[in-house]
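1. Need a 3D model of the following:
(chains A, B and C)
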Amino acid sequence: MNLKSLAQQLGISETTVSRALNGYPEVSERTRQRVLAAAEEFGYRPNPMARSLASGRTNVVGIIHPLSPNDLADPMFMQIVDGMVEALEERQMDLIMAPVSPVNELRAYEHMVKERRVDGLIVGRTHLYDERIAYLAKQGLPFIAHGRTSVNEPHAWFDYDNEAGMRIAVEHLLAHGHQRIGLISAPLDMNFARQRFASFGKAMQAAGLSQNPRHLIENTNDRRSGYLAMQKILGSETPPSAVIVDNH
DNA sequence: CGTTTCGTCCTTCGGTTATT
DNA sequence: AATAACCGAAGGACGAAACG
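-> Numbering: from 1, shown residues only, chains lettered A, B, ... in the order given. Predicted coordinates for the structure are as follows:
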């Protein structure tokens, strides 16, 4: 069932059917309802290929993800995906998630852009200087970054207030009387980790406390490295009385 | 008579396939 | 080898019938 035959069934023109389905104003409400009902009845679905051809859009938003085995069991990640899907569904758009090996990540972005497979991209886990964002900004493909970066091109992003979050965490521990505080960080080339690390140092300094380098472990990004980091901290000669972990 | 609603006609999209 | 037709839909320009 395509647009043409649907129009024939209804005895009205293709244009009117198209207008009715796509929310154009110059269609009476009664006709619109008739069209919608018929579309439902005959199970009409616009051919996505043809639609893309005509509109130049794919109605797909993508996220390229260097997949590690942990991700699919990661409730935080799934929560984010869930939010994206919810927003896209409202607009009848799809999300495609492209798992990719870390070495191929930039190539995957080029693939998406050059072959116009998506209308837009979401870029997660931003780096201090993020080549992916530099690339996308140059190409002009719409995207939004989850996290900041030092790339200069103007672009949309959303992020948490890492500076404030870490300061609050430190102040919380200070208020409980802790003086020796450790920090387990994600790799510091990740922007969020760097910001939190810097904020930690600032908050400790503001409290007049010195940081013990042995209590600062970076480069943890999974269960195992986190476990090892904590072991290392607790095994030091004067272990901290509290530890902040910057990553779930 | 002015507005609303719908139709006709035409172009466009990017690539494949059939026809000159 | 060049050209045209075609796929299915979007959408703009314009005209006309229906309506209050």
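2. in chain A, what spans have low per-residue confidence?
-> A:69-70 (pLDDT under 70).
3. what does it put close to DNA strand C?
-> A:2-4, A:14-15, A:18, A:21-22, A:46-47, A:50-51, A:53-55 (CB under 7 Å from any atom of the strand). From N, CA and C alone the C-beta is placed, and that goes for glycine too.
4. Just the buried ones among those, please.
-> By neighbour count, with 16 or more other CB atoms under 10 Å, these hold A:3, A:18, A:21 as buried.
5. Can you pull the phi/psi pair for the closest residue to the first one other than its chain neighbours?
-> Closest residue to residue A:3 apart from its sequence neighbours, by CB to CB, 6 or more residues apart in numbering: residue A:14 at 5.3 Å. Summarising the backbone geometry of residue A:14 under the convention degrees, to the nearest 10, its torsions are phi -60, psi -40.
6. residues in contact with the residue nearest the centre of chain A?
-> Nearest residue to the geometric centre of chain A (CA atoms, centre = their mean): residue A:124, 4.4 Å. By CB atoms under 8 Å, 6 or more residues apart in numbering, the contact list for residue A:124 reads A:63, A:65, A:80, A:145, A:146, A:147.
7. Distance of it relative to DNA strand B?
-> 29 Å (CB to the nearest atom of the strand, to the nearest Å).
8. Enumerate the positions of stretch A:153-165 that are buried.
-> Neighbour-count burial for stretch A:153-165 [16+ other CB under 10 Å]: A:155, A:157, A:162.
9. Chain neighbours aside, what residue packs nearest to the closest residue to DNA strand B within chain A?
-> Minimum separation of chain A from DNA strand B (CB to the nearest atom of the strand) falls at residue A:16, amounting to 2.7 Å. Computed as CB to CB, 6+ apart, the closest residue to residue A:16 that is not its neighbour in sequence is residue A:27, at 6.2 Å.
10. near DNA strand B, which residues of chain A?
-> Going by CB under 7 Å from any atom of the strand, the residues of chain A near DNA strand B are A:11-16, A:25-32, A:53-54, A:56.
11. Specify the residue ranges that define each domain of chain A.
-> By the record's domain assignment, chain A is partitioned as A:3-46, A:60-158, A:162-245 (automatic domain parsing).
12. Would you mind giving me the ChimeraX syntax to select the buried ones in the residues of chain A next to DNA strand B?
-> Buried members of those, defined by 16+ other CB under 10 Å, are picked up in ChimeraX with:
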select /A:12,16,27,32
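13. List the residues that contact residue A:131.
-> residue A:106.
14. Check the gap between it and DNA strand C for me.
-> Note on residue A:131: its distance to DNA strand C, by CB to the nearest atom of the strand, is 33 Å.
15. Now do stretch A:52-63: everything it contacts.
-> A:48, A:51, A:81, A:84, A:88, A:91-98, A:112, A:116-124.
16. Out of those, which sit inside strands?
-> A:94, A:95, A:96, A:97, A:98, A:120, A:121, A:122, A:123 (DSSP state E).
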